[in-house]
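A.B. asks: sequence and predicted structure below; questions after.
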Amino acid sequence: KLQWAATVLQMAGLVLVAEGAASEGILEGETEWWGAVEFLLVLMAVLGALAAVWNSKALKGIDTPMPILNMYLYSSGACFNYMIFALKLAYSDQDSF
């Protein structure tokens, strides 16, 4: 139920941002991007659900305390994000994001 609430909250935030951009005149009648935004929102929900199922199946086979498993999952996520950040900086002309 919490995941559905988070998805609804994301959609509400997306609508608010789009309405704000439209009222500021940023979009100037451009509505063809809405399909891409809706696709990305559905893709995020599906990938999040698949990742949760995969994590639960992977962690059930390991006999390790949950805090250790959480530490492993969060540290591997942080390392992955740092690698993406480093690659972005290496192949970009900018000094930072």
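C.D. replies: Great, that's in hand.

A.B. asks: same question for the top helix by length along the chain, mean pLDDT?
C.D. replies: The longest helix of the chain (DSSP state H) is helix 34-60. Helix 34-60 carries an average pLDDT of 78.

A.B. asks: what helices or strands is that helix leaning on?
C.D. replies: Applying 3 or more C-beta pairs under 8 Å, 6 or more residues apart in numbering; DSSP states H and E, one finds that helix 34-60 makes contact with helix 2-23. C-betas here are computed from N, CA, C, even on glycine.

A.B. asks: where does the helix it packs on sit relative to the chain's centre, distance-wise?
C.D. replies: In terms of C-alpha atoms, centre = their mean, to the nearest Å, the centre of helix 2-23 is found 14 Å from the chain centre.

A.B. asks: what does stretch 86-93 give?
C.D. replies: How far stretch 86-93 lies from its chain's middle: 21 Å, per C-alpha atoms, centre = their mean.

A.B. asks: got a list of contacts for stretch 66-74?
C.D. replies: Asn55, Leu59, Ile62 (C-beta atoms under 8 Å, 6 or more residues apart in numbering).

A.B. asks: who wins on neighbours among those?
C.D. replies: Leu59 (14 neighbours; other C-beta atoms under 10 Å).

A.B. asks: separation between it and Val17?
C.D. replies: Using C-beta to C-beta, to the nearest Å, Leu59 is found at 35 Å from Val17.

A.B. asks: what's the answer for Ala78, then?
C.D. replies: 27 Å.

A.B. asks: distance of the residue nearest the centre of the chain from Ser92?
C.D. replies: For the chain, the residue sitting closest to the mean C-alpha position, by C-alpha atoms, centre = their mean, is Met44 at 6.2 Å. As judged by C-beta to C-beta, Met44 and Ser92 stand 24 Å apart.

A.B. asks: secondary structure class for the residue of the chain most remote from its centre?
C.D. replies: In the chain, the residue that sits farthest from the middle, by C-alpha atoms, centre = their mean, is Asp63; the gap is 29.1 Å. Classification of Asp63 by DSSP: H, G, I helix; E, B strand; the rest coil places it in coil.
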